[in-house]
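Colleague: Build the 3D model from these lines:
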Amino acid sequence: MLKDEIANCCKALKLGCSIAESSTDLTADTHQEYLLKLLQAEVKHRENARRNKLMNLAGFYYRKSFDGFHFDEVTLPDAVSQVYLQNCEFIKTKTYHPSKRIHIFPDCHPLQTNLRSTMRDLESWVKGNAER
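Modeller: Below is the predicted model of the structure:
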């Protein structure tokens, strides 16, 4: 109840709702010290949110994994297995080439685009490391 009222006041003052979240977690000896800790937590929260937003806007490459990818929702060709993809054997055996991407994945299923993107990023990473 009190937390909801704090959240409403924060919204009216255009402060972040993280203040309402932090208000129950912080303790201090004086009211001023409590207020200072609360405001410092909000500043830190905003800095982190801004940094994350700028990192996303910058478009840096980031590590991708198969965690959360549902192989049962896509149809893989007979020559390609889940283990084959996860172990990146297509790079070791040189059976994957960007121009053949259409032949490996003929159906453009929405879930396959994530896999294609991962393969493209992996391919550019391998190409970049080979040039070094």
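Colleague: Show the subsequent helix or strand relative to the longest helix seen in the chain.
Modeller: Counting by DSSP state H, the longest helix found in the chain is helix 31-58. Remark: after helix 31-58, the chain's next helix or strand is helix 82-86, criterion DSSP states H and E.
Colleague: Name the residues that touch that following helix?
Modeller: Under the contact criterion CB atoms under 8 Å, 6 or more residues apart in numbering, helix 82-86 has outside partners 66, 71, 76, 89-90, 115. Every C-beta, even on glycine, is put in place using the N, C-alpha and C of the backbone.
Colleague: Which strands or helices does the helix or strand following that helix pack on?
Modeller: Counting by DSSP H and E, the element after helix 82-86 in chain order, helix or strand, is helix 89-92. Using 3 or more CB pairs under 8 Å, 6 or more residues apart in numbering; DSSP states H and E, the elements in contact with helix 89-92 are helix 110-131.
Colleague: Could you pull up the mean pLDDT of the helix it packs on?
Modeller: Across helix 110-131, pLDDT averages out at 65.
Colleague: what's the answer for stretch 78-86, then?
Modeller: 81.
Colleague: first vs last residue of that stretch, how far apart are they?
Modeller: 16 Å (CA to CA, to the nearest Å).
Colleague: next one: stretch 46-58 to chain centre, how far?
Modeller: With CA atoms, centre = their mean, to the nearest Å as the basis, stretch 46-58 stands 12 Å off its chain's centre.
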